[in-house]
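Enquirer: The following comprises the amino acid sequence and a computationally predicted model.
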Amino acid sequence: MASPSPPTTTTQQACAACAHQGASSCPPNCGLAPYFPADKPKRFWYARLMFGMERILGFSEAEKQGIRPNGSTVISMAAVVYLADARVEDPILGAYGRIRKLQQQLDRLKAERARHSPAPSGNGKPSPS
Ligand SMILES: [Zn+2]
């Protein structure tokens, strides 16, 4: 099976970030195009709302230079995209909504497992052994 080709950095159409700034096409090797393709304008909109353009450019540049995310001043672009996509999915709760859904799923699975596993021996009576 052929692996998908990596995202291209030169596009005919401006990425969502460049389009937002009024450009009709990206500059060569646009650093934001892989993260904010033209068909994901809402992702860029939320990312910009949450982090601001300057910080997004800073995170992108840090990643280009191989600066490791440290969670406070630098986060990875993958995290920016994840948080922005979570907002697209759930504008109110964002990433918290995803975590809450996973927690509910985990609680359901734990309850199901408890129903199907043998009852614990602690029924109030001393065990025969
Ligand atoms: Zn671009």
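Expert: Nice, I can see it. Values in this document were obtained by computation on a predicted structure and should not be read as measured data.

Enquirer: Could you report the distance from the residue nearest the centre of the chain to the ion?
Expert: Centroid-nearest residue in the chain: Y82, 1.1 Å away (criterion: Cα atoms, centre = their mean). Plainly put, Y82 is 20 Å away from the ion if you go by Cβ to the ion, to the nearest Å. No exception for glycine: its C-beta is placed from N, CA and C like everyone else's.

Enquirer: can you count the residues close to L109?
Expert: Using other Cβ atoms under 10 Å, L109 is surrounded by 10 other residues.

Enquirer: Okay, and it sits in which element?
Expert: Per DSSP states H and E: L109 is located in helix 95-116.

Enquirer: could you check whether stretch 46-57 is close to the ion?
Expert: No: using Cβ under 5 Å from the ion, stretch 46-57 stays clear of the ion, with a minimum separation of 11.2 Å.

Enquirer: Sort out which residues of that stretch are buried, please.
Expert: Neighbour-count burial for stretch 46-57, counted by 16 or more other Cβ atoms under 10 Å, picks out Y46, A47, R48, F51, R55, I56.

Enquirer: of these, closest to the ion?
Expert: Of all those, the ion sits closest to I56, with 11.7 Å by Cβ to the ion.

Enquirer: Could you find the closest non-adjacent residue to that closest one?
Expert: A47 (5.9 Å; Cβ to Cβ, 6 or more residues apart in numbering).

Enquirer: Which residues of the protein lie near the ion?
Expert: If contact is defined as Cβ under 5 Å from the ion, the residues of the chain in contact with the ion are C15, C18, C26, C30, A33.

Enquirer: let's see it at 6 Å
Expert: Within the chain, the positions lying close to the ion (Cβ under 6 Å from the ion) are A14, C15, A17, C18, C26, C30, L32, A33.

Enquirer: Brilliant, that's me finished.
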